[in-house]
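**Student:** Could you work out the structure for the sequence below:
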Amino acid sequence: MSKRVNITYSVEFEKILETMRELINKTYVSEYRSLDKNFNELLTALGEEGEKEALQKIEEIRHKLMNLDFCLNDCYDIVSDYQKKLLTPEEKNNDIG
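**Tutor:** Now for the predicted structure:
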């Protein structure tokens with residue numbers, strides 16, 4: 001399994017939700033779309049008593065699900081912080097002083 005690292009880059013505040021949509025779409029295309037095929041291949045392998053292939057398919061599915069979870073967790077954290085920032089009156093108070 002590959003190692004995961006955090007990267008940091010900045011986007012305009014107004015572009016946060018658009019950036020999250022792009023990230024989720026990219027993950028959807030690269031990971032989620034192929035899950036149906038992987039599950040069908042797993043069921044076929046189990047039906048044909050292909051235990052080795054079934055184990056490989058299970059690992060592939062688990063890896064894709066893990067990648068989906070990582071993406072969704074990152075997006076959740078970012079959108080949650082975005083929402084908090086919208087509700088925080090810090091900037092309004094800074095404009096007064």
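**Student:** which stretch of helix or strand covers the residue nearest in space to the middle of the chain?
**Tutor:** Geometric centre of the chain, nearest residue: Cys71, 1.8 Å, by C-alpha atoms, centre = their mean. In the assignment (DSSP states H and E), Cys71 maps to helix 51-87.
**Student:** Report the separation between Lys26 and Gln56.
**Tutor:** Relative to Gln56, Lys26 is positioned 25 Å away (C-beta to C-beta, to the nearest Å). Every C-beta, even on glycine, is put in place using the N, C-alpha and C of the backbone.
**Student:** The two: who's more crowded?
**Tutor:** With neighbours defined as other C-beta atoms under 10 Å, Lys26 and Gln56 compare such that Gln56 has more, 15 against 11.
**Student:** what residue ranges in this structure score low on pLDDT?
**Tutor:** 1, 90-97 (pLDDT under 70).
**Student:** same thing but at 80, please
**Tutor:** For the chain, residues meeting the criterion pLDDT under 80 lie at 1-2, 88-97.
**Student:** With adjacent residues omitted, what lies nearest to the residue nearest to the centre of the chain?
**Tutor:** Distance criterion C-beta to C-beta, 6 or more residues apart in numbering; nearest residue to Cys71, sequence neighbours excluded, is Thr27 at 4.1 Å.
**Student:** Which secondary structure elements does whichever strand or helix holds that neighbour sit against?
**Tutor:** Using DSSP H and E, Thr27 maps to helix 16-27. Secondary-structure packing of helix 16-27 (3 or more C-beta pairs under 8 Å, 6 or more residues apart in numbering; DSSP states H and E): helix 51-87.
**Student:** what packs against the helix it packs on?
**Tutor:** Against helix 51-87 (3+ C-beta pairs under 8 Å, 6+ apart) you get helix 16-27, helix 35-47.
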